[in-house]
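> test case, fold it:
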Amino acid sequence: MGRYGWSRRALALSASAARTDRFLDPPTEENFTNHGSLGGLTAAYDEQLSETNRLRITWHHRASDFLVPNERIQEEAGQRQERTGSEDLAQGAWTGLAGARYVLNVRGMMERIAATLDSNQASTPIVVSQDRTLTRGFANASVAVDLGRHQLKFGGDLVHTPVREELDYEITDPSAFDPGTAPIFTFSDRRTDNEQSLFAQDTMQLGSVTASAGLRWDRYSFVVQDSAFSPRLAVAWSAPDSEVVLRAAYDRAFQTPAIENLLLASSGQTGAAGEDTVQLPVLASRGDFLEGGVTAALASRFRVDFTAYRRSITQFADDDVFLNTGVSFPVAFDSAHIRGIDTKLTMLPVRRVSGFASYSLLQGTARLPLVGGLFLGQDALADLEEEGEVPISQDQRHTIRGQLRYTMSDRFWLGGTVRYGSGLPVELEGDVDEDELEDQFGADTVAQVDLANGRLRYNLALDLGAGIGLWQSAGRRLTLRVEAANVTNRLNVINFAGLFSGTALGAPRSVSVRGQLQF
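All right, here's what the predicted structure looks like:
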């Protein structure tokens, strides 16, 4: 990375590249076909046009190329699936001051994202290829006004996104699919996403109380059309001589469906993929978010943060997999309820020692039936008739994290981190054959799954690290960082095969060494 400045201008350039044999979290301990590489270039230009006007222009290109990790059966068959992705983005922002009270911001962006998936003929149970692109244009303008006790801001956004999706498959193992599933299928579609929004908000300072109120309007037009008003309200209280802050907030959220493979899930062409096919439009989610918390200082050396929240959502978004291709698309549950707490104790540096400890509790359930998405096959259609509640895929009840860092000098430090999670939910389709699961994923992996209770067993990892400054002079610095992850080499299963998730294993013991030169 390099940066050069002169007069009122500055130019920054950076480049990155990486290659790894563990690009993704694999489904088996053997870590089959998990090679990947990524790289990027970034350029940024800043100019102070005048005392009241500033311009910033940024461009970056990022690319990735990796193999999809195989399960054991796929590796034995010789499957090779390769994914590529690229992003090109250019954006510009201008900020202008009008007098002492008005700030005008204008921002524009153009972005192109492309992704492909290719499979060899040995792939099982299906050979799939995919090619997707989207080109997003974004514009935003806002005005901020300082009126003393009131800080007003209002503005709007425009989004214009042409989307293209293409997919082909050929089934190589018909026994893995329902009778009537088409052995060969080709899909191609393109549409344009248009979104507009307006917003206004007021932040008020009323003695020891700070309050913020806002209203946002969104309009969405892609596969379906929708619009909504979203009010927001937040308040915080802090006594003048107190180190305690109390806060509460309410937010009415409007969330559009994920754009990835939304055309595939919504097109009538997918009816040709099987005899039993149902499509339900994926609508935008609406949620009521409530949150409250407190931040307090203790003995001038510690800070405590506590937050409790509750979220109620209709048309709750999730994702499913198209047949057995690994290609995911959005679906929606009738509703969901999420509640939890986050706590964190931070220790400020004391005799060169600093650190933190945090605990999170999350409980989330989604209410059936599924009300949006693409459903292929008799098992999928049966899900449309189900009722009741199921845990959401992020429903890890207990998460604990702690870190200590000792700074021996200005050039050398040591640190350690402990991570614990009580385990995510598991929901397997149909009758479970444990022997078949062990053949597919390995006995040690299946042993980390509590099949009776539908939960993964806990995950635990200890990480250690050290850093040293090798050289420093006239604003230039060379540092070396060594990190050892999961030093106990525990097998941690993050996700396990089910209707809405794949299988992913945490990294085993590993050591990384990184050098950084700043100039």
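> and for stretch 392-405, what are the contacting residues?
By C-beta atoms under 8 Å, 6 or more residues apart in numbering, the surrounding residues in contact with stretch 392-405 are 316, 318, 336, 338, 353-366, 413-425, 495, 500-501. Using the backbone N, CA and C atoms, a C-beta is placed for each residue, glycine as well.
> which among the residues you listed end up buried?
Burial by neighbour count, 16 or more other C-beta atoms under 10 Å: within those this picks out 316, 318, 336, 338, 354-356, 360, 362, 364-366, 413, 415-417, 419, 421-425, 495, 500-501.
> so which of those residues belong to strands?
Counting by DSSP state E, the part of the buried ones among the contacts of stretch 392-405 found in strands is 316, 318, 336, 338, 354-356, 360, 362, 364-366, 413, 415-417, 419, 421, 495.
> so Ala239 makes contact with Ser208?
Yes. With contact defined as C-beta atoms under 8 Å, Ala239 counts as touching Ser208 (5.6 Å).
> where is the longest helix in the chain?
helix 434-441 (DSSP state H).
> list the contacts of the very next helix or strand once past it.
For helix 434-441, the following helix or strand on the C-terminal side (DSSP states H and E) is helix 443-447. By C-beta under 8 Å, 6+ apart, the surrounding residues in contact with helix 443-447 are 28-29, 434, 437-438, 491, 493, 496, 503, 505.
> could you do stretch 256-272 as well?
132, 134, 161, 163, 165, 167, 182, 185, 187-191, 193, 195, 218, 220, 222-223, 226, 277, 279, 281-285, 317, 319, 322, 327-332, 372-374, 376.
> check which residues of it are buried.
256-267, 270.
> ok, now which residue in the protein is the farthest from the centroid?
Gly99 (40.3 Å; C-alpha atoms, centre = their mean).
> ok, residues contacting the longest helix of the chain?
27-28, 71-73, 446, 451, 496-497, 503.
> go again with 10 Å.
27-29, 71-74, 428, 433, 443-449, 451, 493, 496-497, 503, 505 (C-beta atoms under 10 Å, 6 or more residues apart in numbering).
> which among those end up buried?
Buried residues within the contacts of helix 434-441, defined by neighbour count using 16+ other C-beta under 10 Å: 27-28, 71-72, 74, 445-446, 448-449, 493, 496-497, 503, 505.
> which of these has the weakest pLDDT?
Note: of the buried ones among the contacts of helix 434-441, the lowest pLDDT belongs to Ala497, at 70.
> any idea how far the nearest residue to it once chain neighbours are set aside is from Pro27?
Once flanking residues are discounted, Ala497 sits nearest to Thr503: 4.7 Å by C-beta to C-beta, 6 or more residues apart in numbering. Here the criterion is C-beta to C-beta, to the nearest Å. By it, Thr503 lies 4 Å from Pro27.
> now for these two: what residues contact both?
Common neighbours of Thr503 and Pro27 (C-beta under 10 Å, 6+ apart) are 69, 71, 440-441, 445, 493, 495-497.
> rebuild these as a markdown table, extending it with distance to Ala10.
Below are the shared contacts of Thr503 and Pro27 laid out as a markdown table (distance: C-beta to C-beta, whole Å):
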| residue | distance to Ala10 |
| --- | --- |
| Pro69 | 42 |
| Glu71 | 50 |
| Gln440 | 54 |
| Phe441 | 52 |
| Thr445 | 51 |
| Val493 | 47 |
| Asn495 | 44 |
| Phe496 | 49 |
| Ala497 | 50 |
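> which of those lies closest to Thr58?
Nearest to Thr58 out of the shared contacts of Thr503 and Pro27 is Pro69 (C-beta to C-beta; 33.6 Å).
> contacting residues for the closest one?
By C-beta under 10 Å, 6+ apart, the neighbours of Pro69 are 22-28, 30-36, 75, 81, 502-505.
> which of those residues fall within strands?
36, 81, 504-505.
> of all those, which two lie farthest apart?
Greatest spatial distance in these: Gln81 and Leu505, 18.1 Å, computed using C-beta to C-beta.
> average pLDDT for the helix or strand hosting Arg216?
Using DSSP H and E, the element containing Arg216 is strand 209-221. Mean per-residue pLDDT for strand 209-221: 96.
> C-terminal to it, what's the next element?
strand 225-237.
> following element in sequence after that next one, please.
strand 244-255.
> can you pull the pLDDT of Val278?
Predicted confidence (pLDDT) for Val278: 87.
> quick check: Gly388 touching Leu368?
Yes. Counting by C-beta atoms under 10 Å, Gly388 does reach Leu368; the two are 5.6 Å apart.
> neighbour count for these two, which is higher?
More crowded of Gly388 and Leu368, by other C-beta atoms under 10 Å: Leu368, with 16 against 9.
> low-confidence ranges in the chain?
1-3, 429-431, 475, 498-501, 518-519 (pLDDT under 70).
> buried sites along the host helix or strand of Ser197?
Ser197 belongs to strand 184-206 when assigned by DSSP H and E. Buried positions in strand 184-206, judged by neighbour count with 16+ other C-beta under 10 Å: 185, 187, 189, 191, 193, 195, 197, 199-204.
> just the angle between that strand and strand 209-221, please?
Put simply, strand 184-206 runs at 150 degrees to strand 209-221, going by axes from the mean of the first three to the mean of the last three C-alpha atoms, to 10 degrees.
> helices and strands around strand 184-206, which ones?
In terms of contacts (3 or more C-beta pairs under 10 Å, 6 or more residues apart in numbering; DSSP states H and E), strand 184-206 is packed against strand 126-147, strand 150-171, strand 209-221, strand 225-237, helix 262-266.
> direction included, what does the fourth one pair up with?
Using DSSP bridges, the strands paired with strand 225-237 in its sheet are strand 209-221 (antiparallel), strand 244-255 (antiparallel).
> swap in the second one?
When pairing is defined by DSSP bridges, strand 150-171 lines up against strand 126-147 (antiparallel), strand 184-206 (antiparallel).
> what does stretch 92-102 contact?
45-46, 49-59, 103-110, 140-141, 143-148, 152.
> oh sorry, the question was meant for stretch 232-249
Residues contacting stretch 232-249 (C-beta under 10 Å, 6+ apart): 199, 201, 203-204, 206-216, 250-253, 289-298, 300, 303-305, 307-309.
> kindly give a single ChimeraX line that selects the buried subset of the residues you listed.
Command for ChimeraX that selects the buried part of the contacts of stretch 232-249, burial taken from 16+ other C-beta under 10 Å:
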select :199,201,203,204,210,212,214,215,216,251,252,253,289,291,293,295,303,305,307,308,309
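> many thanks, have a good one.
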